[in-house]
Structure formats: structure tokens, C-alpha cells
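Colleague: What follows is a protein structure lacking sequence information:
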């Protein structure tokens, strides 16, 4: 019984050499295909690893962008604070109240009559810092608005271009320095 199954089938006449070669070739092809299928999971794992690496890189880029934006906001805040401290106008013993709107609430600041006229005329502006409201020249207010407009509270524009030609009350000036 040392004969293999193939030898036994050959002796009995059920299988000839040509059929045996075809069977061997098919078996060999199946083995190759199975090896190829085993290689595909490796390729799949590589693809997943590359995808995870790309996702990590995208997340890192987004975190870096957010960190840079936060650093830029902080730098702008420091620049604005420095500009306000260097250019703020002391109101001294202001006797006139200037009312303005800040976040839906009416606020007031005490200024002199000259400062009130300059605020109404657009030559001065009111800027809000953490410690309160400050008067600054309009040129400084424009530079602050370029960096972060949320610090700017009042900056009156005196341009006459905004007039509506069809406005029947265009000839009547409304003073900005009305007392409430």
C-alpha cells in the first residue's frame, strides 16, 4: 500500500498522464491564487495604515492652523492694547456725558465738550479694553479696526456720500451730540 492514490488510479485505468498533468496544473494555480489572496490582506493593512497616517497629518495640520490663529489673535490683542495705551486721550474732568451703545446696552463716558464734538465729528473714537472705555484718535481707530474690529465701539463716519438723494429730509442735519 505504499502506492499513492494517483498510482492506484493509473493502474486501474481511470486516470491517464494527460489528465494527471491538468489536475496538477489546476492544483498549482489554486495554490498561487490562495497565496495571492493572502497577500491582499497585507496590501489592505498597508492601505489602512496609509489612510490613518493621512488622517493624522490632516488633523495635525488643522491643530497647527488653530494654534497659529490663536497666537495671531493674541498678538493682535497685544498690539491693540499697546496702541490704545500709547494714544489714548485723557478726558480729565469730563463734565458732559456721551452715551453710546455697547452690545445692546447704553453706556456712558464723561468727556469734555471739545471731545464730545470731536466724537460726533468722527475725529475721535471709543475703544473698549478689559479695563474700560478709552478715547483714541480716528487714525488709531482705523488701525485697530484693521486688526480686530470688535474692540472698536464708536467711530462716527462723517462722509457725506452716505446721503440718500431721494430723502426728503436730506437738507435737515441731525446733530449727533443730542443729550438724552
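Modeller: Looks like it came in fine. Nothing here was measured: the structure is a model prediction, and the numbers come from that model.
Colleague: Check the closest residue to residue 156 other than its chain neighbours and give its pLDDT.
Modeller: On the basis of CB to CB, 6 or more residues apart in numbering, the spatially nearest residue to residue 156 that is not a chain neighbour turns out to be residue 122, at 4.2 Å. C-beta: built from backbone N, CA, C; applies to glycine. As summarised for this prediction, residue 122 has a pLDDT of 79.
Colleague: what about residue 122, distance to residue 88?
Modeller: Residue 122 sits at a distance of 18 Å from residue 88 (criterion: CB to CB, to the nearest Å).
Colleague: max-length helix in the chain?
Modeller: helix 17-87 (DSSP state H).
Colleague: next helix or strand past that helix?
Modeller: strand 96-102 (DSSP states H and E).
Colleague: Break the chain into its domains for me.
Modeller: Residue ranges for each domain of the chain read 15-87, 89-160, as given by automatic domain parsing.
Colleague: could you redo these as JSON lines and give each row distance to residue 171?
Modeller: Output for the domains of the chain, formatted as JSON lines (distance: least, CB to CB, whole Å):
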{"stretch": "domain 15-87", "distance to residue 171": "37"}
{"stretch": "domain 89-160", "distance to residue 171": "13"}
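Colleague: need the least confident one among those, by mean pLDDT.
Modeller: Lowest mean pLDDT within the domains of the chain: domain 89-160, a mean of 79.
Colleague: and residue 101, what does it touch?
Modeller: residue 107 (CB atoms under 8 Å, 6 or more residues apart in numbering).
Colleague: same for the longest helix of the chain, what does it pack against?
Modeller: Based on contacts counted as 3 or more CB pairs under 8 Å, 6 or more residues apart in numbering; DSSP states H and E, the elements that helix 17-87 packs against are helix 5-12, strand 124-129, strand 132-137, helix 138-147.
Colleague: For those, state which one has the densest average packing.
Modeller: Mean neighbour count, computed with mean count of other CB atoms under 10 Å, is highest for strand 124-129 among these, reaching a mean of 21.
Colleague: in its sheet, what does that one sit against?
Modeller: Each strand pairing with strand 124-129, determined using DSSP bridges, is listed with its direction: strand 132-137 (antiparallel), strand 152-154 (antiparallel).
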